[in-house]
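Chemist: model the structure of this input:
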Amino acid sequence: QVQLVETGGGLVQAGGSLRLSCAVSGRTFSSYTMGWFRQAPGKDREFVAAIRWSGGSTRVADSVKGRFTISRDNDKNTVYLQMNSLKPEDTAAYYCATDASPYGTVWSSPLRYDYWGQGTQVTVSS
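Modeler: Predicted structure coming up:
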């Protein structure tokens, strides 16, 4: 049974930072691309960042480029999202997800991911 557990969300003032973590179990973590998505109330789920199974390639949405960094620790089965210079428009529930197939590339479409965490709320106040 594949499980993903996100932690690290919270309330932060604009300009602040948060680091999200996503611990994965039940899958050979080091073989799968991982992604972060977010969803604000009334909006579609939005791609944020992805990192290839090897960690050698990343992809970041234009809306967060230069502010957010994705990384992974294959020894700890954990993927991270470092969020700096947060803005009120970053407020959303953040989800991590695993690629549906091993050894894939850095997909931005949520349709490429099969297992999702429960989400962690990030709220940025102005």
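Chemist: what is the end-to-end distance of stretch 90-105?
Modeler: One end of stretch 90-105 sits 25 Å from the other (CA to CA, to the nearest Å).
Chemist: please begin residue numbering at 14 from this point
Modeler: Renumbered: residue one is now 14, and that last one reads stretch 103-118.
Chemist: what comes up buried for it?
Modeler: Using 16 or more other CB atoms under 10 Å as the test for burial, stretch 103-118 gives 103-112, 117. C-beta coordinates here come from the backbone N, C-alpha and C atoms, glycine included.
Chemist: residue 61: which of the residues you listed is nearest?
Modeler: Using CB to CB, residue 107 is the member of the buried residues of stretch 103-118 that lies nearest residue 61, at 7.2 Å.
Chemist: residue contacts, that closest one?
Modeler: 19, 22, 33, 49-51, 61, 94, 132-135 (CB atoms under 8 Å, 6 or more residues apart in numbering).
Chemist: buried subset of those, written for ChimeraX?
Modeler: With 16+ other CB under 10 Å as the criterion, this ChimeraX line picks the buried residues out of the contacts of residue 107:
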select :19,22,33,49,50,51,61,94,132,133,135
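Chemist: could I get the contacts of residue 107 as JSON lines with distance to residue 71?
Modeler: Shown next, in JSON lines, are those (distance: CB to CB, whole Å):
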{"residue": "19", "distance to residue 71": "18"}
{"residue": "22", "distance to residue 71": "21"}
{"residue": "33", "distance to residue 71": "15"}
{"residue": "49", "distance to residue 71": "11"}
{"residue": "50", "distance to residue 71": "15"}
{"residue": "51", "distance to residue 71": "17"}
{"residue": "61", "distance to residue 71": "11"}
{"residue": "94", "distance to residue 71": "11"}
{"residue": "132", "distance to residue 71": "21"}
{"residue": "133", "distance to residue 71": "20"}
{"residue": "134", "distance to residue 71": "24"}
{"residue": "135", "distance to residue 71": "20"}
